[in-house]
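> Give me a 3D structure for the following:
(4 chains)
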2 protein chains.
Amino acid sequence: MTQQEKYIEEVGLFYEKYGLPKMAGRILGYLISSNTDNNSFDDLKNTLKASKGSISGNIKLLLSQNMIDKHMISGDRKSYYKIAINSLEKLLEAKEKSITEFKLILEKGIDINTNKDGVSHKEISEIIDYYKFLEREIPKLKNKWKQKNVTKTK
Amino acid sequence: MTQQEKYIEEVGLFYEKYGLPKMAGRILGYLISSNTDNNSFDDLKNTLKASKGSISGNIKLLLSQNMIDKHMISGDRKSYYKIAINSLEKLLEAKEKSITEFKLILEKGIDINTNKDGVSHKEISEIIDYYKFLEREIPKLKNKWKQKNVTKTK
DNA sequence: TATTTAGTTCATTTATTACTGAACTAAATG
DNA sequence: CATTTAGTTCAGTAATAAATGAACTAAATA
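Residues are numbered from 1 along each chain as shown, chains lettered A, B, ... in the order given. Now for the predicted structure:
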């Protein structure tokens, strides 16, 4: 097992831990450790020793999550894949979304709970306030980063 | 199906979506929408219509993740469960941990990628910088929240 | 227009994960 | 000290998700 092969399996396990298909993680592992942007379907299939169907399905998944980008080369009918430029934003957006979703669940839950003076009611309300706070603050954080990088690149 | 029963299944599906056992989500759903802190093993078993084994295992999981708290009542040998007071911190900590873990994976990956001048290398380095930024900023956010609440409560 | 290429789709197989229920432990009660 | 209570453990089963591989499509080439 080469260093890269070991790495690919490691990213696969990382992905699996978060309830996502291991093969999607392995594809990411390959793309992260690849020294080129021009990674074809067959490169993935051969290196990962997987079926066309699995590669196809997991590429589709990663594209839909904006984790990878697809590009073409003129005079070549193959598609090429690389880690997405905007995957950084997408990952934080996914976390934001999960915060919002969980906040909505908590709000709905304490609506059902009728004992408004109960300890748990008060505590869950506090959690909701915290999540609302995060919802306000995370966009600020993103702006802070953007401004930092605008001045850096220009 | 009562409103609470519907809600419990909803939280179960939410949990399942993130790759966690549906039953753990259902337990949380029950505790969030319960109007008391004194929710026993049997309350859970009966309302969720599940086996002792499943309740036991998923309580264990939620306790280990600090999502729920266990407490006793004197003169009573049953254990009681409620949503954890510190689950708000724990949830954000889990997100922080996943950011750190993914950053480490990216760092390891571009070490394997030898083409240091490649486009993807540059972009992944940028993602790593962003993650490092988040690692610095999130603790600040937590402090901001804490200070806000210290003055509020005192 | 026949053939090759590049990839998709989907039924089946395989692997993984979660749930059940019965046997068990350990502490409390009669 | 026998029984009940409260929960744990774990082998077997059920449910779910992922991977395979063959048949397919659609576009490009010969």
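> List the buried residues of the longest strand along chain A.
With DSSP state E setting the assignment, residue counts place strand A:76-83 as the longest strand in chain A. With burial defined by 16 or more other CB atoms under 10 Å in any protein chain shown, the residues of strand A:76-83 counted as buried are A:80-83. Every residue, glycine included, has its C-beta placed from N, CA and C.
> and DNA strand C, which of the residues you listed reach it?
Checked against DNA strand C using CB under 7 Å from any atom of the strand, the buried residues of strand A:76-83 yield no neighbours at all.
> Now find how far off-centre the next helix or strand after the longest strand of chain A is within its chain.
Where DSSP states H and E defines the elements, the next helix or strand beyond strand A:76-83 is helix A:87-112. From the chain centre to the centre of helix A:87-112 is a distance of 15 Å (CA atoms, centre = their mean, to the nearest Å).
> Which parts of chain A are strands?
Using DSSP E, strands in chain A cover A:39-40, A:68-73, A:76-83.
> could these go into CSV alongside mean pLDDT?
Shown next, in CSV, are the strands of chain A (pLDDT from 0 to 100):
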stretch, mean pLDDT
strand A:39-40, 96
strand A:68-73, 94
strand A:76-83, 94
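> pLDDT at the residue nearest to the spatial centre of chain A, what is it?
Centroid check for chain A by CA atoms, centre = their mean gives A:Leu91 as the closest residue, at 4.1 Å. On pLDDT, A:Leu91 comes in at 76.
> For DNA strand D, what is the nearest residue in chain A?
A:Gly53 (2.0 Å; CB to the nearest atom of the strand).
> Find the closest residue to chain B in chain A.
Going by CB to the nearest CB, chain B is nearest to A:Gly19 of chain A, at 1.4 Å.
> was I right about that residue contacting B:Tyr15?
No - applying CB atoms under 8 Å, one finds A:Gly19 not in contact with B:Tyr15, separated by 9.8 Å.
> just to revisit the earlier point, OK, contacts around the residue nearest to the centre of chain A?
A:67, B:102 (CB atoms under 8 Å, 6 or more residues apart in numbering or on different chains).
> Enumerate the residues of chain A near DNA strand C.
A:16, A:40-42, A:52-53, A:56-57, A:59-60, A:76-79.
> pull the longest helix from chain A.
Using DSSP state H, we find that the single longest helix of chain A is helix A:119-153.
> That one: how far from the chain's middle?
Counting by CA atoms, centre = their mean, helix A:119-153 is centred 19 Å from the centre of its parent chain.
> Please apply the same query to stretch A:97-115.
24 Å.
> Ok, stretch A:8-25 next?
Distance, centroid of stretch A:8-25 to centroid of chain: 12 Å (CA atoms, centre = their mean).
> same question, stretch A:17-37
11 Å.
> Repeat that for stretch A:84-100.
Distance of stretch A:84-100 from its chain centroid, counting by CA atoms, centre = their mean, is 6 Å.
> Could I have the CA atoms of it written out in CSV?
Taking Å, rounded to 0.1, in the frame of the first residue of the first chain, the C-alpha atoms of stretch A:84-100 are listed here in CSV:
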residue,chain,number,x,y,z
ALA,A,84,-14.1,22.4,-5.8
ILE,A,85,-12.9,25.9,-5.4
ASN,A,86,-15.9,26.8,-3.4
SER,A,87,-16.0,23.7,-1.3
LEU,A,88,-14.8,25.8,1.7
GLU,A,89,-18.0,27.9,1.6
LYS,A,90,-20.2,24.9,0.9
LEU,A,91,-18.9,23.0,4.0
LEU,A,92,-19.6,25.9,6.3
GLU,A,93,-22.9,26.4,4.7
ALA,A,94,-23.8,22.7,5.4
LYS,A,95,-23.0,23.3,9.1
GLU,A,96,-25.0,26.4,9.1
LYS,A,97,-27.9,24.6,7.6
SER,A,98,-27.7,21.9,10.2
ILE,A,99,-27.7,24.5,12.9
THR,A,100,-30.8,26.1,11.5
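> pLDDT below threshold where in chain A?
Within chain A, the set of residues satisfying pLDDT under 70 comprises A:88, A:119, A:151-154.
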